[in-house]
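Chemist: fold the stuff below for me.
(one chain, ligands or ions: 1)
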Amino acid sequence: MTKRGGKANGHAKIERSGKGKTKAATATRRPRAPRAGTAANPLLGRWSAPFGLPPFARIEPIHFRPAFAAALKEHKAEVVRIARDPARPTFANTIAALEKSGRVLERVCGVFFNLAASDTNEALQAIEREMSPLLAAHQSAIMLNGKLFARIDDLYRRRERLRLTGEQRRLLELQHTWFLRAGAKLGRKAKTRVAEINERLATLATQFSQNVLKDEQSWRLVLEGERDLAGLPPSVRAAAARAAADMNLKGKHVITLSRSSVEPFLQYSVRRDLREQAFNAWVKRGEMGGVTDNRAILAEIVRLRAELARLIGFETYADYSLGNTMAKTPAAVRELLQAVWPAAVKRAGEECDALQEQVRAEGGNFAIEAWDWRYYAEKERKARYDVDEAATRPYLALDSVIAAAFDTARRLFGLRFKELPDAPRYHPDVRVWEVTDERGAHVGLFMGDYFARPSKRSGAWMSSFRSQAKVAGQVRPIIANVMNFARGEEGEPTLLSLDDARTLFHEFGHGLHGLLSDVTYPSISGTAVARDFVELPSQLYEHWLMAPDVLKRFAVHHKTGKPMPAKLAQRVEKARNFNQGFSTVEYVASALVDMELHALADGGDLDVAAFERETLQKLGMPREIVMRHRSPHFLHIVGGYAAGYYSYLWSEVMDADAFAAFKEAGDPFHAATAKKLKKYIYAAGNARDPLAAYVAFRGRAPEIAGMLKKRGLAN
Ligand SMILES: [Zn+2]
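Modeler: Residues are numbered from 1 along each chain as shown. Got it, this is the predicted structure:
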């Protein structure tokens, strides 16, 4: 998933991204409270650290309110100047001027939303609740500014005669569309309502995500002694011991609701009662009753989105949201999801029968429940393919997987990574690398923040502190990857599951999309592309993790240094399609519920839980499988992926098809193919239509067959 730190102008959304660590002020600072606009506020002063990194050590929560106030004021003044310019609109005095505006705001948002997601605290959360509606109001004021839109509209009508470059033409057309979609043509009353809705939605989204974090922070399963630990392999025990130590429960073991903690527990724990406890807490996040319950919040979000869509002139929010994507219509999305759903359900049924057989074989007398699936699937995997997750972990030390991701980028795109141990960072766990190209020229900075901690939102994402652009001088990107891996025990390396390693490659693929970006204008830079295109660079990158040559060189045992035995690697490869019925069902169910929620013409008295239940029932959801993200904690659809969770599958059609280009060339690092991939996909931002970009790379439109084969769903 990607998050933009972002810009408050144009369409670029302000979303939460990374994080920051606050430290005590340095002794040389005068003990005066920092004030807005003064040099004392490190967010507003000059950033003199190497590469213009934010001065993290000096930034404290108290600096954000005045910095936001100053940045918003400045941006507002810039926009007013553009809108009231007496000169006839030109691309330079309107579109480019907008692109140049809001630099300070972008910088403050970049730091703030990164911190709010990856290293938050109560002070930052309070500011986030306060700032979200203000930022939404600011954005509305720009997008609903009649004078400004009149200038853009005028340029748009004259676009044939303006002698624009291809990128400028594309940006003008996009800006025009973004303004229309924001309600620029509405009457006064409707505009007021749109602005109200946007503000309220921003507040609700912040509450929703803070509630999920609170539910995750407030639950833990403390394992006491061997009886509770039964079945857990050493790596899972080590991570649980580490989590306990972090909570001052030294000597104990703790399972948290972070995916990389609870999933391995569900895979290995022989304690059916504890699995049930952990699973139920995990799927109930956001639905525990009390002040953190998200059901009413989501219902209001859905209702307001439906109203917003109607105001703008669309039948439903799904229609509205998809207008801006490759898929374009809910019908196209349903067609794709339905192309895999029946086959996935059928496959999941067969998988379930095999698991039930495992239960019978060990003398169990119960039907498989959702908290049993991962446990028996792990047994089945071992029985069928002789592959045990615990056997691959020692070959997937975090540092080796990072090195593999970097080396793949070197071989494909000529990039080099040099760690900067002294660079400023927002948390001691964060690592910073300088990225250079084959000629040694600076490309950008890459930050890796890999370990779970209570101050971090769950999940994994890429975000930016600064996006690439050259509209006002060369600006090179600062990109972050944030994960939630369970850290290895003190002094021991962190060992990843194959899934974790794939996640690292995935987010690194997004990272490259940000780093390699080579466009002029920030609104179309890097990952600012159609949502159902944005998962192409990330999912495509996952393919290289399993390239035999990469495995051989980087999947080495953390103790012996010996490469993963070829036989184990082959068995892992063979087991690839194992449990794909389950994975596809839990994913597609989430995508379909997301789509149906946003296809409601009127939210009315929506009961989120009942709606979810009924929708799944209609679809024929297997009773042993739960959606990958249930509605009350479905952060994707509250963030940037509303009516958009299908995007992963849409992008997967392209990634499977795109990787086949390398297979057809007979070399996963085929130079000419990699060169085209960089030019048309990774470096291209949103400078051209996504389908046209894909066709320029591949020579034809994507075909679905590769994806079905990849998931083992094609017969
Ligand atoms: Zn992603």
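Chemist: just the pLDDT for the residue in the stretch 101-250 of the chain positioned nearest to the ion.
Modeler: Closest residue of the stretch 101-250 of the chain to the ion, CB to the ion: residue 117 (14.6 Å). (Glycine included, C-beta is placed from N, CA and C.) Residue 117 carries a pLDDT value of 95.
Chemist: how many residues are close by it?
Modeler: Counted with other CB atoms under 10 Å, residues neighbouring residue 117 total 28.
Chemist: again with residue 692
Modeler: So residue 692, with other CB under 10 Å, has 12 neighbours.
Chemist: equivalent analysis for residue 399, please.
Modeler: 11.
Chemist: who's in contact with the one helix or strand it maps to?
Modeler: Assigned by DSSP states H and E, residue 399 belongs to helix 398-413. Applying CB atoms under 8 Å, 6 or more residues apart in numbering, the contact partners of helix 398-413 are 415-417, 433, 448, 450, 485, 488, 493-496, 500-501, 504-505, 508, 512, 516, 541, 544-545, 547, 550, 553-556, 558, 669, 674, 677-678, 682.
Chemist: buried set for that helix?
Modeler: Across helix 398-413, burial judged by 16 or more other CB atoms under 10 Å covers 398, 400-402, 404-409, 411-413.
Chemist: among the contacts of helix 398-413, which are in helices?
Modeler: Here DSSP state H is the test, and these give 500-501, 504-505, 508, 512, 541, 544-545, 550, 553-554, 674, 677 as lying in helices.
Chemist: buried ones only from these, please, as a PyMOL command.
Modeler: Restricted to buried positions by 16+ other CB under 10 Å, the PyMOL selection for the ones in helices among the contacts of helix 398-413 reads:
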select buried, resi 500+501+504+505+508+512+541+544+545+550+554+674+677
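Chemist: give me the number of residues near residue 708?
Modeler: Other residues close to residue 708 by other CB under 10 Å number 18.
Chemist: not counting sequence-adjacent ones, nearest residue to it?
Modeler: Leaving out its chain neighbours, the residue that sits closest to residue 708 by CB to CB, 6 or more residues apart in numbering is residue 714, at 3.8 Å.
Chemist: point out where the chain drops to low pLDDT.
Modeler: 3-39, 715 (pLDDT under 70).
Chemist: looking at it, which strand is longest?
Modeler: strand 442-451 (DSSP state E).
Chemist: so what's the residue of the stretch 251-400 of the chain found nearest the ion up against?
Modeler: Closest residue of the stretch 251-400 of the chain to the ion, CB to the ion: residue 259 (14.5 Å). By CB under 8 Å, 6+ apart, the contact list for residue 259 reads 458, 459, 484.
Chemist: go ahead and confirm the last one touches residue 455.
Modeler: No. In this structure, residue 484 is not within contact of residue 455 by CB atoms under 8 Å, at 11.4 Å.
Chemist: of those two, who's got more company?
Modeler: Under the neighbour definition other CB under 10 Å, residue 484 and residue 455 were set side by side, and residue 484 has more, 24 against 17.
Chemist: that one and residue 378: what is the separation?
Modeler: Computed as CB to CB, to the nearest Å, the residue 484 to residue 378 distance reads 21 Å.
Chemist: buried residues in stretch 303-321, which are they?
Modeler: 303-312, 314, 316-321.
Chemist: following element in sequence after the helix ranked longest in the chain, please.
Modeler: Criterion DSSP H: the longest helix present in the chain is helix 330-361. Toward the C-terminus, helix 330-361 is succeeded by helix 370-385 as the next helix or strand (DSSP H and E).
Chemist: can you count the residues close to the residue nearest to residue 708?
Modeler: Residue 714 - counted by other CB under 10 Å - has 13 other residues nearby.
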